[in-house]
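>>> Have a look at this fold, sequence not included:
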């Protein structure tokens, strides 16, 4: 009896174990990479590898695309590199094993493909890839699309043509951008959760859709199309700000610039609306000052007037902002009369790239010209007066303000949106009135395309620009050797073949350049300021001297940089 009970118990336990083994939870069992082999050419187009995962058990299994979920590695990155979404790029001749790895139900699971890279030849790799030479042009299909209301979408396809005439689908390989993200956005491979080439309408208008592809040799090809949102309303402005909030004039016909910054209610983006047709400027007292459609006020007589900017949205709603403009004729001049900023028209191509702007103030008492990039000390001011830097389109460029610890004033940084940002420098006189500089632009747009590349990259070359901001235009000189120590790459001064009062030199990024000025002594007013903290940008004086007395200025170039030298 005991034996029969014991044997029966064993049979039940064995059956339970058998049932449990048949119903183990579903998990990743294996990975397959396709194509398993491929031949590419150095400088040719990349290829998309696909990882397919098998889930379940022997009786019930499913397969799904897990290309973006696995970890990709290359046994020889110098032959073929692989990114996180399975795009393999031919780098040098040889063979490389590309491996996809993931955590499976019973432990790590891997699969691999073999990539052979040659220096010349032709042919087509598996999976629709191409081994032709570089992409020379891109066509976007369709060339134009239109939707009737916001939130509707349209899919664009990018077809690249190689130098041999072969074509390849670059939709998932190209960088996509919209020239106006207020009108429509477009998905791009580097933007997680988006579909490459899929445009989505946001507000009424037409935007340019661009696809950019970068070859292995860093050359690029682009294609453009248009996307129109015909219905809905234009983006509403819910807040308006006038910069500066107060200004003053001391002479009749003196002109002062006001800037109107509008804030979008749905996106929060800030735009320079100063000259927009939806904005109207007016002065409450025309006997004191008039103001034109560009925001330029002209003093007419003594007194005070309110400058008002009025924005009218498409739905009829109105947003306003005000500023104060005071005119005191015959009054003693304020210490700070005007501000000039350089350089103008800087164009960068990638997000993260920088440009250094300098601000020079003109004062009513000596020293009459002074570098105020990082703030300044001058008769009439208490302590160090700050200089504020303003970007009218922060999504295109941010800019540091002078006097902030650890920041180099006037250092503009591209934020990745295609467009132009207008930059200003502002300082306030002791009586509280502001002086606004002339404007300069910072543009993010690849010189070979109409798009600002979204990758954080930096150029291999940097430009050093030297300005004379003083009044002496006849007896001064600034020199500097090349990054290989060839003398006088920069030879800046009257009669110089390199540019007179403004000259430039091109150096490898990371180079340290020593500028030398002459004549030294009473005629020299100092170098442009800078603490060298932000990305190595800044003008460092010789040991034991200051920027005002140093005969040399040492600059480390981690991007395009400007240096001012003041000669009297």
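Perfect, I can see it now. Since the model is a prediction, treat every value here as computed from it, not as a measurement. Residues are numbered from 1 along each chain as shown.
>>> By mean pLDDT, point me to the weakest helix or strand of the protein.
Ranked by mean pLDDT, DSSP states H and E, the weakest helix or strand in the chain is helix 2-22, scoring a mean of 41.
>>> after that one, next one along is what?
Sequence order places strand 28-34 as the next helix or strand after helix 2-22, per DSSP states H and E.
>>> Quick one: mean pLDDT over the very next helix or strand once past that next one.
Next in sequence after strand 28-34, counting helices and strands by DSSP H and E, comes strand 37-41. Strand 37-41 shows an average pLDDT of 85 in the prediction.
>>> same question, stretch 349-366
85.
>>> Can you get me the start-to-end distance on that stretch?
For stretch 349-366, the first-to-last residue distance is 41 Å (Cα to Cα, to the nearest Å).
>>> According to the record, where do the domains of the protein fall?
The record's domain parsing of the chain by automatic domain parsing lists 24-127, 135-229, 247-256+266-326, 332-456, 458-568.
>>> mind putting those domains in CSV, distance to residue 241 and mean neighbour count included?
No exception for glycine: its C-beta is placed from N, CA and C like everyone else's. Output for these, formatted as CSV (distance: least, Cβ to Cβ, whole Å; neighbours: other Cβ atoms under 10 Å):
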stretch, distance to residue 241, mean neighbour count
domain 24-127, 41, 17
domain 135-229, 18, 19
domain 247-256+266-326, 6, 17
domain 332-456, 10, 20
domain 458-568, 26, 18
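>>> Show me the one of these that comes nearest residue 236.
For the domains of the chain, distance to residue 236 was read as Cβ to Cβ. The smallest value, 4.7 Å, belongs to domain 247-256+266-326.
>>> contacting residues for the residue lying closest to residue 428 once chain neighbours are set aside?
Leaving aside its chain neighbours, residue 428 sits nearest to residue 434 (5.0 Å; criterion: Cβ to Cβ, 6 or more residues apart in numbering). By Cβ atoms under 8 Å, 6 or more residues apart in numbering, residue 434 lies in contact with 244-247, 426-428.
>>> Mind putting the domains of the chain into a markdown table with distance to residue 238?
Shown next, in a markdown table, are the domains of the chain (distance: least, Cβ to Cβ, whole Å):
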| stretch | distance to residue 238 |
| --- | --- |
| domain 24-127 | 37 |
| domain 135-229 | 13 |
| domain 247-256+266-326 | 7 |
| domain 332-456 | 17 |
| domain 458-568 | 33 |
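>>> where in the stretch 251-400 of the chain is pLDDT low?
Applying pLDDT under 70 to the stretch 251-400 of the chain flags the ranges 265-269.
>>> Which of the three states applies to residue 389?
Put simply, residue 389 is strand when judged by DSSP: H, G, I helix; E, B strand; the rest coil.
>>> Give me the contacts around stretch 301-317.
Residues contacting stretch 301-317 (Cβ under 8 Å, 6+ apart): 204, 233-234, 236-237, 240, 242, 252, 258, 260, 262, 273, 276, 278-289, 291, 295, 297, 318-329.
>>> Any chance of a markdown table for the contacts of residue 434, columns pLDDT and secondary structure?
Below are those laid out as a markdown table (pLDDT from 0 to 100; DSSP: H, G, I helix; E, B strand; the rest coil):
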| residue | pLDDT | secondary structure |
| --- | --- | --- |
| 244 | 87 | coil |
| 245 | 88 | coil |
| 246 | 88 | strand |
| 247 | 89 | strand |
| 426 | 92 | strand |
| 427 | 92 | strand |
| 428 | 92 | strand |
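>>> which of those residues lies closest to residue 513?
Using Cβ to Cβ, these come closest to residue 513 at residue 427, 29.0 Å.
>>> beta partners for the closest one?
residue 435 (DSSP bridges).
>>> those helices in the stretch 401-550 of the chain, which residues are they?
In the stretch 401-550 of the chain, no helices are found when defined by DSSP state H, counting those that start in this stretch.
>>> What does residue 339 show for phi and psi?
The phi and psi values for residue 339, taken as degrees, to the nearest 10, are phi -130, psi 140.
>>> what's the spacing between the closest residue to it other than its chain neighbours and residue 378?
Excluding its sequence neighbours, the residue lying closest to residue 339 (Cβ to Cβ, 6+ apart) is residue 437, at 3.7 Å. According to Cβ to Cβ, to the nearest Å, residue 437 and residue 378 sit 16 Å apart.
>>> quick one: contacts for the residue nearest to residue 372 when sequence neighbours are not counted?
Nearest non-adjacent residue to residue 372, counting by Cβ to Cβ, 6+ apart: residue 361, 4.2 Å away. Residue 361 makes contact with 336-339, 369-372, 376, 378, 427, 435, according to Cβ under 8 Å, 6+ apart.
>>> nearest to residue 443, of those residues?
residue 339 (21.5 Å).
>>> so residue 216 sits right up against residue 88, yeah?
No. Look at residue 216 against residue 88 with Cβ atoms under 8 Å: they stay out of range, at 11.5 Å.
>>> Could you tell me which residues make contact with residue 517?
Residue 517 neighbours (Cβ under 8 Å, 6+ apart): 476-478, 524, 527, 551-553, 565, 567.
>>> any chance of those in CSV, with pLDDT too?
Formatted as CSV, the contacts of residue 517 follow (pLDDT from 0 to 100):
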residue, pLDDT
476, 75
477, 83
478, 86
524, 80
527, 84
551, 88
552, 90
553, 89
565, 84
567, 81
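>>> Sort out for me which of those residues are in strands.
Secondary structure defined by DSSP state E assigns 477-478, 524, 527, 552-553, 565, 567 of these to strands.
>>> Name the nearest of these relative to residue 346.
Distance to residue 346 across these (Cβ to Cβ) is lowest for residue 565, with 19.7 Å.
>>> Check whether residue 177 really touches residue 186, as I assumed.
Yes. With contact defined as Cβ under 8 Å, residue 177 reaches residue 186; the gap is 6.7 Å.
>>> Common neighbours of the two, please.
Both residue 177 and residue 186 are in contact with residue 209, where contact means Cβ under 8 Å, 6+ apart.
>>> Including distance to residue 159, could the contacts of residue 517 go into TSV?
Shown next, in TSV, are these (distance: Cβ to Cβ, whole Å):
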residue	distance to residue 159
476	56
477	55
478	51
524	60
527	53
551	59
552	55
553	51
565	52
567	57
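>>> could you give the mean pLDDT of stretch 196-216?
Computed over stretch 196-216, the average pLDDT equals 84.
>>> May I see the contacts of residue 434 organised as TSV, with distance to residue 503 added?
Converted to TSV, the contacts of residue 434 look like this (distance: Cβ to Cβ, whole Å):
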residue	distance to residue 503
244	33
245	38
246	38
247	34
426	28
427	28
428	33
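>>> Which two of these have the greatest separation?
Greatest spatial distance among the contacts of residue 434 (Cβ to Cβ): 245 and 427, at 13.7 Å.
>>> I'd assumed residue 176 was in contact with residue 188.
Yes. Between residue 188 and residue 176 a contact is recorded at 4.1 Å, counting by Cβ under 8 Å.
>>> Show me whatever sits in contact with both of the two.
residue 196.
>>> Next up, the contacts around residue 452.
Contacts of residue 452 by Cβ under 8 Å, 6+ apart are 177, 348-351, 396, 414, 416-419, 444-446.
>>> Go again with 7 Å.
177, 349, 351, 414, 416-418, 444-446 (Cβ atoms under 7 Å, 6 or more residues apart in numbering).
>>> and which of these is nearest to residue 544?
Among the contacts of residue 452, and counting by Cβ to Cβ, the member closest to residue 544 is residue 414, at 37.4 Å.
>>> For that closest one, list each beta-bridge partner.
Beta-bridge pairing for residue 414 (DSSP bridges): residue 397.
>>> right, and it touches residue 397 too?
Yes. Assessed by Cβ atoms under 7 Å, residue 414 is found in contact with residue 397 at 5.8 Å.
>>> CSV for the contacts of residue 361, including secondary structure?
Shown next, in CSV, are the contacts of residue 361 (three-state DSSP):
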residue, secondary structure
336, strand
337, strand
338, strand
339, strand
369, strand
370, strand
371, strand
372, coil
376, strand
378, coil
427, strand
435, strand
